[in-house]
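Chemist: Take a look and give me a structure for this.
(one chain, ligands or ions: 2)
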Amino acid sequence: MTAPYDHYRMIPSLPAKITEKRKKPKIVAVVDEDNCTGCQACVPFCPVDCISTVPKEKYNIPIPPVQIRFNECIGCSICARVCTNMTWDAIDMLPVAQFESEYKIQLTDEKSPPYGIPKS
Ligand code: SF4
Ligand code: SF4
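Modeler: Residues are numbered from 1 along each chain as shown. Ligands and ions are numbered 1, 2, ... in the order given. You can find the predicted model right below:
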């Protein structure tokens, strides 16, 4: 039988300090905005602080979902583990090639522009 609060062992530690991306990762986090409660539990766990709130105008609801600044993400999966183990299950980790193809966004070795370069 699972001891009370055992599931908390699955939760990563908060980052000791905020770092930044140094090269293009192999996987990237994508929030399912229709599934995200906007609880923001994942936000402080990101070691590069690249999770932000979707602008309120997009959905016009009191608590908007969060989004990833894709080109700043280092693909560590911590946010997805936090979301799955603490709250919901709204973050997918996608291979970068799949992400770039599906979302028509080019990621780079740099962290700018924050959301990547739109592909035509
Ligand atoms: S923890 Fe999950 S549900 Fe909460 S804001 Fe982050 S992605 Fe959304
Ligand atoms: S995978 Fe999640 S926690 Fe890790 S850098 Fe990307 S957005 Fe931040």
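Chemist: all contacts plus neighbour counts: C-alpha atoms, from now on.
Modeler: Will do.
Chemist: Who are the packing partners of the longest helix along the chain?
Modeler: Determined from DSSP state H, the single longest helix within the chain is helix 96-103. Packing partners of helix 96-103 (3 or more C-alpha pairs under 8 Å, 6 or more residues apart in numbering; DSSP states H and E): strand 27-31.
Chemist: Tell me the buried residues in whatever helix or strand comes next after the strand it packs on?
Modeler: Downstream of strand 27-31, the next assigned helix or strand under DSSP states H and E is strand 51-53. Neighbour-count burial for strand 51-53 flags Ile51 (criterion: 16 or more other C-alpha atoms under 10 Å).
Chemist: Can you name the residues in contact with strand 51-53?
Modeler: Residues from elsewhere that reach strand 51-53 (C-alpha atoms under 8 Å, 6 or more residues apart in numbering): 38, 42-43, 64-69.
Chemist: Close to ligand 1: what parts of the protein are there?
Modeler: 31, 36-42, 65-66, 83, 87-88, 90-91 (C-alpha under 6 Å from any ligand atom).
Chemist: Which of those sits closest to ligand 2?
Modeler: Cys42 (7.4 Å; C-alpha to the nearest ligand atom).
Chemist: thinking again about what came up before, show me which of the contacts of strand 51-53 neighbour ligand 2.
Modeler: Here is what survives when the contacts of strand 51-53 are matched to ligand 2 using C-alpha under 6 Å from any ligand atom: Ile68.
Chemist: Format the contacts of strand 51-53 as CSV; extra columns: pLDDT and neighbour count.
Modeler: Shown next, in CSV, are those (pLDDT from 0 to 100; neighbours: other C-alpha atoms under 10 Å):
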residue, pLDDT, neighbour count
Gly38, 97, 17
Cys42, 97, 22
Val43, 98, 21
Pro64, 97, 21
Pro65, 98, 24
Val66, 98, 23
Gln67, 98, 22
Ile68, 98, 22
Arg69, 98, 20
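Chemist: returning to that earlier point: mean confidence score for the longest helix of the chain?
Modeler: If you average the pLDDT over helix 96-103, you get 98.
Chemist: which residues sit against that helix?
Modeler: 25-28, 105-107.
Chemist: which one of the residues you listed is nearest ligand 2?
Modeler: Val28 (5.9 Å).
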